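Trainee: structure, please.
(one chain, ligands or ions: 1)
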Amino acid sequence: MPELPEVETVRRGLQPVMEGARLLKVEVRRADLRVPFPPRFARRLTGRTVTGLGRRGKYLAADLDDGTVLVIHLGMSGSFRVEANGGVRRAGITYRAIGKDAAHDHVVFHMSSGVRVVFNDPRRFGLMDLVPRSELPHSRHFRAMGVEPLGNAFDAARLAERVAGRKAPIKAALLDQRLIAGLGNIYACEALWRARVSPKRAAGSLATKTGKPTAAAGRLAEAIRSVLEEAIGAGGSSLRDHMRTDGELGEFQHAFAVYDREGEPCRRHGCRGTVTTIVQSGRTTFYCPRCQR
Ligand SMILES: [Zn+2]
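Mentor: Numbers count the residues shown, from 1 in each chain. The predicted structure is shown next:
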């Protein structure tokens, strides 16, 4: 499933062709994805201008000029590709189709910028919804969502406050979107390794009795921010078929320290540990038992 860096990469790919452009025509080729499309979905979008394309956690949020927001989640296998006639190159994006089965093209946005933005989702766990801007923070998508890890409000103190008193392993807490938004299995594993924190540690152990951040909380907050920023800089991680909207592959998977490296040597200088796996909350955790405490 795409995590925050992959969704942010998709947002940056779509922004130049969607922001400021009008939706001339919208094709919706089925009644639902994970849930039904909202009533009269295509009709409500047609003629609207996208005034801004933002992101919250793993969701895209396109502001429209009538005060509604088009909320999009990519689910397990959703992707966008940007098409233009003749594969025209413009605004730094190579417009060429990702080699994907057109049978899974479920929504097509015909933009006044001259491109077609095509949503392809073979497994149909994606989601699209329309929510009035004023109700967005209280919508079912965002009301329980935790702090944005790249936002100004996120730091060691906020992390400690979020995990204080929690007996669940810190790895599970990092995956809980109600605490911190946008982290998934890959970046939770990588951030814990960077911070030298064991994934098995109780989440609450990162806060003192009075709820202040420990040194480990300070390292982890910094690691979360740095791993997400570096991954965004690399265009996200490409696993199986996660592709950028311009068809190029994200490259952060080459920088993984632990994820997908079971049995290989730990990459920390001076550590002779071996990357090991355990299953936590049904997900495989990759970590180094020697330097992560
Ligand atoms: Zn190690």
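Trainee: avg pLDDT for stretch 7-14?
Mentor: Stretch 7-14 carries an average pLDDT of 91.
Trainee: what of stretch 228-241?
Mentor: In this model, stretch 228-241 carries a mean pLDDT of 83.
Trainee: what's in contact with that stretch?
Mentor: Residues outside stretch 228-241 that contact it (Cβ atoms under 8 Å, 6 or more residues apart in numbering): 2, 4-6, 8-9, 77, 79, 100, 149-150, 182-183, 186-187, 242, 244, 248-253, 255-256, 260. For the C-beta atoms, the positions are set from N, CA and C on the backbone; glycine is no exception.
Trainee: low-confidence stretches in the protein?
Mentor: Applying pLDDT under 70 to the chain flags the ranges 86-100, 239-247.
Trainee: picking up where we left off before, now, which of the contacts of stretch 228-241 lie within strands?
Mentor: Cross-referencing those against strands under DSSP state E gives Ser79.
Trainee: going through the contacts of stretch 228-241, which ones are buried?
Mentor: 2, 4-6, 8-9, 77, 79, 100, 149-150, 182-183, 186-187, 242, 244, 248, 250, 252-253, 256 (16 or more other Cβ atoms under 10 Å).
Trainee: list the buried residues for the longest helix along the chain?
Mentor: Longest among the helix segments of the chain by residue count, using DSSP state H, is helix 215-233. The neighbour-count check on helix 215-233 (16+ other Cβ under 10 Å) flags 216-225, 227-228, 231-232 as buried.
Trainee: now the residues you listed as JSON lines including distance to Arg290?
Mentor: Formatted as JSON lines, the buried residues of helix 215-233 follow (distance: Cβ to Cβ, whole Å):
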{"residue": "Ala216", "distance to Arg290": "16"}
{"residue": "Ala217", "distance to Arg290": "21"}
{"residue": "Gly218", "distance to Arg290": "22"}
{"residue": "Arg219", "distance to Arg290": "17"}
{"residue": "Leu220", "distance to Arg290": "18"}
{"residue": "Ala221", "distance to Arg290": "23"}
{"residue": "Glu222", "distance to Arg290": "21"}
{"residue": "Ala223", "distance to Arg290": "18"}
{"residue": "Ile224", "distance to Arg290": "22"}
{"residue": "Arg225", "distance to Arg290": "25"}
{"residue": "Val227", "distance to Arg290": "20"}
{"residue": "Leu228", "distance to Arg290": "25"}
{"residue": "Ala231", "distance to Arg290": "25"}
{"residue": "Ile232", "distance to Arg290": "29"}
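Trainee: what does the stretch 101-250 of the chain put close to the ion?
Mentor: Within the stretch 101-250 of the chain, no position is adjacent to the ion by Cβ under 5 Å from the ion.
Trainee: show me where the stretch 101-250 of the chain has strands.
Mentor: If DSSP state E, counting those that start in this stretch is used as the criterion, the strands of the stretch 101-250 of the chain fall at 105-111, 116-120, 127-132.
Trainee: save these as CSV, and put in mean neighbour count too.
Mentor: Shown next, in CSV, are those (neighbours: other Cβ atoms under 10 Å):
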stretch, mean neighbour count
strand 105-111, 21
strand 116-120, 22
strand 127-132, 19
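Trainee: how close does Glu264 sit to Cys288?
Mentor: From Glu264 across to Cys288, the span is 10 Å (Cβ to Cβ, to the nearest Å).
Trainee: who's more crowded, these two?
Mentor: More crowded of Glu264 and Cys288, by other Cβ atoms under 10 Å: Cys288, with 23 against 13.
Trainee: quick one, what contacts the more buried one?
Mentor: Here Cys288 is in contact with 193, 258, 266, 268, 271, 273-276 (criterion: Cβ under 8 Å, 6+ apart).
Trainee: repeat the analysis, applying 10 Å as the threshold.
Mentor: Contact analysis of Cys288 by Cβ atoms under 10 Å, 6 or more residues apart in numbering lists 192-193, 196, 198, 257-258, 261, 265-268, 271-276.
Trainee: three-state assignment of the closest residue to Val108 other than its chain neighbours?
Mentor: Spatial nearest neighbour of Val108, chain neighbours left out: Glu27 (4.1 Å); criterion: Cβ to Cβ, 6 or more residues apart in numbering. At Glu27 the chain is in strand, as set by DSSP: H, G, I helix; E, B strand; the rest coil.
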